[in-house]
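S.K.: predicted model, plus sequence, below.
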Amino acid sequence: MPEVIFAGPAGRLEGRYQAPKQRGAPIAIVLHPHPQFGGTMNNQIVYNLFYTFANRGFAALRFNFRGVGRSQGSFDHGAGELSDAAAALDWVQAVNPEARACWIAGVSFGSWIGMQLLMRRPEVEGFISIAAMANRYDFSFLAPCPSSGLFVHGSEDRVAPAREVMPVIEKVKTQKGVIIEHQVVEGANHFFDGKIDELTQTVETYLDKRLGKKDEAAA
């Protein structure tokens, strides 16, 4: 899994990239939690999501937002991080010009950035949004949401309690044919401590439904 450095709007961005075995494979970008609260591309959930997509034959990228690790720049309260995510998608598309489609996955703060990117990039056909803080960040820009996807929360999440987040997600308008699903992992907190395997299986099950079984999808 090669380390990569690519140009971002505030300087170089550091990432990890898994090239696909097949030409024309879809792209997946995984966005990490809040940079000012320890979020990096090496977060365990980010790491697992990255390999979940890579093992399905995707061209997969995880990277550090500006000011994190070896990425240049400084925290920009979301606006700059959205620009970083767009630059990351541009980079993977340049490396994979025949890619048919793209998925965006994000964790906590990263899910908020990812959903904004989804609204700006029509090639994004699916999303995985983990521990989205819809109670703390404004998700009303999903009007309507153009792509089907999955929200996952932990039942014991104190940062983004499911009871506060669910009404926001349920109000999201969708385009015709778009389906937004929501799953709750019992006993999991905001970081899914001790529940990473259950979270990964929840995501795998959803991707099986959308893309076919893993072996079929990678074939």
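M.R.: Perfect, thanks for sending it.
S.K.: all helices of this structure, in order?
M.R.: Using DSSP state H, the helices of the chain run over 44-54, 79-95, 109-120, 162-171, 196-211, 214-218.
S.K.: mind checking which of those is nearest residue 184?
M.R.: helix 162-171 (5.6 Å; CB to CB). For every residue, glycine as well, the C-beta is placed using N, CA and C.
S.K.: and that closest one, what does it pack against?
M.R.: strand 148-154, strand 180-185 (3 or more CB pairs under 8 Å, 6 or more residues apart in numbering; DSSP states H and E).
S.K.: how near is residue 135 to residue 55?
M.R.: Using CB to CB, to the nearest Å, residue 135 is found at 32 Å from residue 55.
S.K.: from memory residue 211 sits against residue 56, does it?
M.R.: Yes: judged on CB atoms under 8 Å, residue 211 makes contact with residue 56 at a distance of 6.7 Å.
S.K.: those two - which one has more neighbours?
M.R.: Between residue 211 and residue 56, counted using other CB atoms under 10 Å, residue 56 has the larger neighbour count: 24 against 18.
S.K.: from residue 20, how far out is the more buried one?
M.R.: 9 Å.
S.K.: how about residue 148?
M.R.: Residue 148 is 22 Å from residue 20, by CB to CB.
S.K.: same check, this time on residue 197
M.R.: 25 Å.
S.K.: neighbour count winner among the two?
M.R.: residue 20 (21 against 11).
S.K.: so the more buried one makes contact with residue 96?
M.R.: Yes: contact criterion CB under 8 Å: residue 20 and residue 96 qualify, at 7.1 Å.
S.K.: just give the closest residue to residue 89, not the sequence neighbours.
M.R.: residue 29 (5.7 Å; CB to CB, 6 or more residues apart in numbering).
S.K.: neighbours of that neighbour, how many?
M.R.: With other CB under 10 Å as criterion, residue 29 counts 28.
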